[in-house]
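Participant: Test case, fold it:
(chains A and B)
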Amino acid sequence: DAGITQSPRYKITETGRQVTLMCHQTWSHSYMFWYRQDLGHGLRLIYYSAAADITDKGEVPDGYVVSRSKTENFPLTLESATRSQTSVYFCASSGVRRRTSTDTQYFGPGTRLTVL
Amino acid sequence: AQKVTQAQTEISVVEKEDVTLDCVYETRDTTYYLFWYKQPPSGELVFLIRRNSFDEQNEISGRYSWNFQKSTSSFNFTITASQVVDSAVYFCALCGGYNAGNNRKLIWGLGTSLAVNP
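Facilitator: As a prediction, the model looks like this:
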C-alpha cells in the first residue's frame, strides 16, 4: 500500500518557466489538497478537490493551476514560476477507506521547489 | 471565524522531562474535529491523532497523551519522558464540521517547535 507520493522531491527552475508537481494516492480518497509551507506562515492551502473534476481555490491560489481528471492524481502547475513561489509543497488526501482514519488528511513527502 | 492558536513557538527540554504543547481553538460549529500532526527534521507530516468534538475522553498512546477540554476550547498534547526522537514541529489543526462550505478543509496552527536535548 504505497499511500500518497509526490514527484519530483526536489526541483530547481528559473523564473518564468512552467513547472508541474505531481501527486498520486492509492487509497481512492475523494479529497485531495495542495499546501505550501513557508517559514512563519505555517501550512497554507493552495487548492483542493472534493472529487474528480471538482476543484476549488484555497487561501493562496494565485499563480497556480490544478486539474483532477482521475481520482488518484492531483497535479499542481505553476504557469510562470516566480521567486515568491520558492517553497515546500505538500499534497494530502482524505476520505473514507480502510486502514486510514476517516476524513483525516494524509500527506505526501513534499516537494522542495526553488525558483531562481 | 475559525482559528487555531499554538502560543508556544519554541520549547526546549532535556531528555526524560515531560512536556505539554498547548492548542486553543475557536469555532462556532457544534460538530468539529481536532488533529495533531508531527513534522520531524526530515520534513514529512505525520498524523498523530484525530478527536471528535462529541468525544471528550482523553487519549493515551504510549508516551503521548491528549487532553481535550471543550469548556476551555483546548486540545493539549503531552509527551511523557521525552526523547531526542520527539524533536519536531508539532501542528494542531481544526476541521469545522462537514457543512457545504467546509469541504474537509483544515485550519492550522503555526506549530510548536520542540527540541529535546540529551
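Participant: C-terminal to the helix or strand bottoming out on mean pLDDT in chain B, what's the next element?
Facilitator: Using mean pLDDT, DSSP states H and E, the weakest-scoring helix or strand in chain B turns out to be strand B:59-61, at a mean of 89. The element immediately downstream of strand B:59-61 (helix or strand, assigned by DSSP states H and E) is strand B:64-69.
Participant: Now tell me what touches the least confident helix or strand of chain B from outside.
Facilitator: Outside strand B:59-61, the residues that touch it by CB atoms under 8 Å, 6 or more residues apart in numbering or on different chains are B:49, B:51, B:65, B:66. All C-beta spots, glycine's among them, are computed from the backbone N, C-alpha and C.
Participant: ranges for the strands of the chain?
Facilitator: Just so you know, I chose chain A. In chain A, the strands defined using DSSP state E lie at A:4-7, A:10-13, A:19-25, A:31-38, A:42-51, A:54-57, A:64-66, A:76-78, A:87-94, A:106-107, A:111-115.
Participant: please go with chain B instead
Facilitator: Using DSSP E, strands in chain B cover B:3-5, B:10-14, B:19-21, B:24-26, B:33-39, B:46-52, B:59-61, B:64-69, B:74-79, B:88-95, B:107-108, B:112-117.
Participant: Distance of residue B:67 relative to chain A?
Facilitator: Using CB to the nearest CB, to the nearest Å, residue B:67 is found at 20 Å from chain A.
Participant: Near the closest residue to that residue other than its chain neighbours, how many residues? Count them for me, please.
Facilitator: Spatially, and ignoring its direct neighbours in sequence, residue B:67 is nearest to residue B:76 (4.8 Å; CB to CB, 6 or more residues apart in numbering or on different chains). Neighbour count of residue B:76, defined by other CB atoms under 10 Å in any protein chain shown: 18.
Participant: what do you get for residue B:42?
Facilitator: So residue B:42, with other CB under 10 Å, has 9 neighbours.
Participant: Let me have the strands of chain A in TSV, adding mean neighbour count and mean pLDDT as columns.
Facilitator: Listed next are the strands of chain A as TSV, based on neighbours: other CB atoms under 10 Å in any protein chain shown; pLDDT from 0 to 100:
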stretch	mean neighbour count	mean pLDDT
strand A:4-7	18	96
strand A:10-13	14	98
strand A:19-25	20	97
strand A:31-38	23	95
strand A:42-51	20	93
strand A:54-57	14	93
strand A:64-66	18	97
strand A:76-78	19	98
strand A:87-94	24	96
strand A:106-107	20	94
strand A:111-115	18	98
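Participant: what is the residue in chain A positioned nearest to chain B paired to in the beta sheet?
Facilitator: At 3.9 Å from chain B, residue A:107 is the closest residue in chain A, using CB to the nearest CB. Taking DSSP bridges, one obtains residue A:92 as the residues bridged to residue A:107.
Participant: In contact with it, which residues?
Facilitator: A:4, A:90, A:91, A:92, B:37, B:44, B:45, B:46, B:47.
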